[in-house]
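>>> Using only what follows, build the 3D model:
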Amino acid sequence: MMKEISQSATLSVRFDADQTSSLLQWTLNEPDGDPRQPIGTNAGALHFHQGESLTLDVIGGGSAESGFTSFQIIDCCIITTPLLVSCGPGLKTRYARPSPFLQSVGASYPMALDFVSRLQPSDNGYRQITQSWKETLDIGHSSGRWEISFNVTVMLFRGPADPVEVRVFQFDPEGAVGSGTRNET
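Residues are numbered from 1 along each chain as shown. The predicted structure is shown next:
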């Protein structure tokens, strides 16, 4: 049975102001907020569908004890490295396009710093802010696989006596663009 796919997805990346690693937690969500769980050949990868649009949420937070008040994104970039599509005896060696995103001609795409911010309500004193990118990335119609790196540089604000901190967070899973359909199991 074939399941109709959505025309959009949201990449959500998350950090804690006090975490010791620079790694972002990430999920790729359907428009209703449910995580897209790739299985089979796309397990562990960001799996995009041909022709869909991608939005981005950067979620940062901190405990009340940390004094975290907010963050500002000062740099945001997606870098894609194409992977092999075909090779072998009698075959031409071919790689995927430089990027699955139509807006990116090359492998690096600096994202416009155009975000809207909202404070998430909390009962436990953990302050969490979501910054949603006002633009979208459009997924092309060419199948392929890529190493996808996402880097975000943020200024972290705490209490008035604390200095502003600048942190870089990142992740780098593989990404794939499939046929635009998927089987439901």
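
>>> which residue packs closest to Gly140, ignoring adjacent ones?
Computed as CB to CB, 6 or more residues apart in numbering, the closest residue to Gly140 that is not its neighbour in sequence is Leu102, at 5.1 Å. (Glycine included, C-beta is placed from N, CA and C.)

>>> Give the full set of residues in contact with the one you found.
137-140 (CB atoms under 8 Å, 6 or more residues apart in numbering).

>>> do that again at 10 Å, thanks
Counting by CB atoms under 10 Å, 6 or more residues apart in numbering, Leu102 touches 51, 53, 137-142.

>>> Of those residues - the most surrounded one?
Ile139 (24 neighbours; other CB atoms under 10 Å).

>>> Excluding chain neighbours, give the residue nearest to that one in space.
That would be Phe48: by CB to CB, 6+ apart, it lies 4.5 Å from Ile139.

>>> Measure how buried that neighbour is and give me the count.
26.

>>> shaky segments in the chain?
1-6, 179-185 (pLDDT under 70).

>>> Now the phi/psi pair for the residue located most distally from the centre of the chain, please.
When distances are taken from the C-alpha mean of the chain, Gly90 lies farthest, 37.1 Å away, according to CA atoms, centre = their mean. Main-chain torsions, Gly90, degrees, to the nearest 10: phi 80, psi 0.

>>> Next: Asn42.
phi -100, psi 10.

>>> Quick check: the gap between it and Asp34.
16 Å (CB to CB, to the nearest Å).

>>> who's more crowded, the two?
Asn42 (18 against 9).

>>> From His49, how far out is the more buried one?
For Asn42 relative to His49 (CB to CB), the value is 11 Å.

>>> Which stretches in this protein count as helices?
With helices called from DSSP state H, the chain shows none.

>>> Across the sheet, point out what pairs with the nearest residue to Gly61 once chain neighbours are set aside.
Leaving out its chain neighbours, the residue that sits closest to Gly61 by CB to CB, 6+ apart is Gln128, at 3.7 Å. When bridges are called by DSSP bridges, Gln128 pairs up with Gly61, Gln120.
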